[in-house]
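Asker: need a structure here:
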Amino acid sequence: MPELRVGISGWRYRPWRGTFYPPGWPQARELEYAARHLNSVELNGSFYSLQRPESYQAWHDAVPADFRFAVKGGRFITHMKRLSDVDAPLANFFASGVLRLREKLGPILWQLPPSMAFDEARLDAFLARLPRDSHAAAALARRHDRRVAGRAWTRPGPRRPVRHALEVRHESFREPRFVALLRRHRVALVVADTAGRWPLMEDVTADFVYVRLHGEAELYVSGYSDASLAAWAAKVRAWAAGRSPLGARLAAPPAVGPRGGRDVFVYFDNDAKVHAPFDATALAARLGLGPRLPFPRPRRATRGPRARPARVGEAARPRWPALVARIGRPAEAARPRRRRGTIRPGGRTS
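Answerer: Below is the predicted model of the structure:
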């Protein structure tokens, strides 16, 4: 049976505390809470810097046995080196502890910058370097340099497949030769919904499908309507059954589906307004993976009686006559006397 994974891109976001995470929930246990409601998470801290083996081990231990992590490849490789001269950076990435996720390691995500156009030779050389199982990844990790010296993890454990997915953000990739290249290397083309900002292609190029939902109307901000979630659920079912969804946006002729269908990984990245975890549980519920969590409604502020603001030069007075009668009227001599002069903006007199 194909695996269906629905999750979120990262889990450490301040606005989620008290909304998705219950008030007072310990920050150190936020991954544990997310794993109670979703069966996968995309690790994106690895995109910004090399993590440590102890961190990967802690993440492995915080989630159930049937949980899977997608791991985002480092931007040093994709954005700074732009896929060229990356033998040592790739070795450092895999030596940083990725293999400590062991059986909970899902696909590796490689995201290209928007300024990077399709270069077939460069991309072909990069994809050929990627390890396809844990033993090949460990062999590559042993070639690390001094950046991870003393803290590298290069033990492969049992042989397991290592999958890769590629997200592109330049229109030049809407090209049959690009799709054919990914199929030759068995790398999944990321189906990226970016509110129309970058290309959305739904070509299937591997034995699994990888989807990133960045926002329906506004990038990283807007949530997904029930109608949109129903449409995405229908696409997931089609991919899982080995079919191309009806009306799929393709850059090349559709691929023949494998017998038994494909695994599908879906991650919500519309985190700015806390939509991601609630949209993820809503889609998971449509796919029979767990209950939906309702999006929290903003609380109304409780309002007391509104007092009339004092006029400029006037002492604040109690509003209610009964209160005035009870405490008595202040003596005439004690009242503040207004100075003569012009009243300037802001209530100051001169």
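Asker: Tell me where this protein has helices.
Answerer: Here the chain has its helices, by DSSP state H, at 30-37, 45-48, 53-61, 75, 87-95, 120-129, 134-141, 176-185, 226-240, 275-286, 321-327.
Asker: Point out the most buried one among those helices.
Answerer: Mean neighbours per residue, mean count of other C-beta atoms under 10 Å, is largest over these for helix 275-286, with a mean of 24. Using the backbone N, CA and C atoms, a C-beta is placed for each residue, glycine as well.
Asker: Convert the C-alpha atoms of that helix to PDB, please.
Answerer: Provided in PDB are the C-alpha atoms of helix 275-286 (Å, rounded to 0.1, in the frame of the first residue of the first chain):
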ATOM      1  CA  HIS A 275      -2.800  28.200   8.900                       C
ATOM      2  CA  ALA A 276      -0.300  25.400   8.200                       C
ATOM      3  CA  PRO A 277      -1.000  23.000  11.100                       C
ATOM      4  CA  PHE A 278      -4.800  23.400  10.800                       C
ATOM      5  CA  ASP A 279      -4.800  23.000   7.000                       C
ATOM      6  CA  ALA A 280      -2.600  20.000   7.400                       C
ATOM      7  CA  THR A 281      -4.900  18.300   9.900                       C
ATOM      8  CA  ALA A 282      -7.900  19.200   7.600                       C
ATOM      9  CA  LEU A 283      -6.300  17.500   4.600                       C
ATOM     10  CA  ALA A 284      -5.100  14.600   6.700                       C
ATOM     11  CA  ALA A 285      -8.700  14.100   7.900                       C
ATOM     12  CA  ARG A 286     -10.000  14.000   4.300                       C
END
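Asker: Chain neighbours aside, what residue packs nearest to residue 228?
Answerer: Leaving aside its sequence neighbours, residue 228 sits nearest to residue 216 (C-beta to C-beta, 6 or more residues apart in numbering; 5.5 Å).
Asker: Just to check, that neighbour is in contact with residue 226?
Answerer: No: shown here, residue 216 and residue 226 do not form a contact pair, counting by C-beta atoms under 8 Å, at 11.3 Å.
Asker: mean pLDDT for the helices of the chain: which is lowest?
Answerer: Per-stretch mean pLDDT for those is lowest at helix 321-327 (a mean of 41).
Asker: For the closest residue to residue 205 other than its chain neighbours, give its distance to residue 213.
Answerer: Spatially, and ignoring its direct neighbours in sequence, residue 205 is nearest to residue 182 (3.8 Å; C-beta to C-beta, 6+ apart). Distance, residue 182 to residue 213, using C-beta to C-beta, to the nearest Å: 20 Å.
Asker: now the end-to-end length of stretch 150-159.
Answerer: This stretch, stretch 150-159, spans 25 Å end to end (C-alpha to C-alpha, to the nearest Å).
Asker: Oh, that last question was meant for stretch 251-258, not what I typed.
Answerer: Terminal-residue distance, stretch 251-258 (C-alpha to C-alpha): 20 Å.
Asker: Contacts for that stretch next, please.
Answerer: Contacts to stretch 251-258, defined as C-beta atoms under 8 Å, 6 or more residues apart in numbering, come from residues 173-176, 178-180, 183, 201, 203-205, 207, 241-244, 248.
Asker: can you rerun that using 10 Å?
Answerer: For stretch 251-258, contacts defined as C-beta atoms under 10 Å, 6 or more residues apart in numbering pick out 2, 173-180, 182-183, 189, 199, 201-208, 238-245, 248, 262.
Asker: what about residue 246, how many neighbours?
Answerer: Counted with other C-beta atoms under 10 Å, the neighbours of residue 246 add up to 9.
Asker: Check the one 3 residues further on too.
Answerer: Other residues near residue 249 come to 12 when the count uses other C-beta under 10 Å.
Asker: so who does it touch?
Answerer: By C-beta under 10 Å, 6+ apart, the neighbours of residue 249 are 174, 191, 199, 200, 201, 202, 203.
Asker: Equivalent analysis for residue 291, please.
Answerer: So residue 291 contacts 37, 281, 282, 284, 285 (C-beta under 10 Å, 6+ apart).
Asker: State the distance from residue 196 to residue 219.
Answerer: 9 Å.
Asker: For the most centrally placed residue in the chain, name its beta-bridge partners.
Answerer: Geometric centre of the chain, nearest residue: residue 9, 2.2 Å, by C-alpha atoms, centre = their mean. Note on residue 9: beta-bridge partners by DSSP bridges are residue 42.
Asker: residues near residue 24, how many?
Answerer: 7.
Asker: That one and residue 18: what is the separation?
Answerer: Counting by C-beta to C-beta - residue 24 and residue 18 are separated by 8 Å.
Asker: next one: residue 197
Answerer: Distance from residue 197 to residue 18, by C-beta to C-beta: 30 Å.
Asker: Equivalent analysis for residue 126, please.
Answerer: Distance from residue 126 to residue 18, by C-beta to C-beta: 42 Å.
Asker: Count the residues that sit near residue 169.
Answerer: The number of residues packed near residue 169 is 17, by other C-beta under 10 Å.
Asker: Model confidence score at it, please.
Answerer: 98.
Asker: Now do the contacts for it.
Answerer: Residue 169 neighbours (C-beta under 10 Å, 6+ apart): 111, 112, 113, 114, 115, 116, 190, 192, 194, 197, 198, 199.
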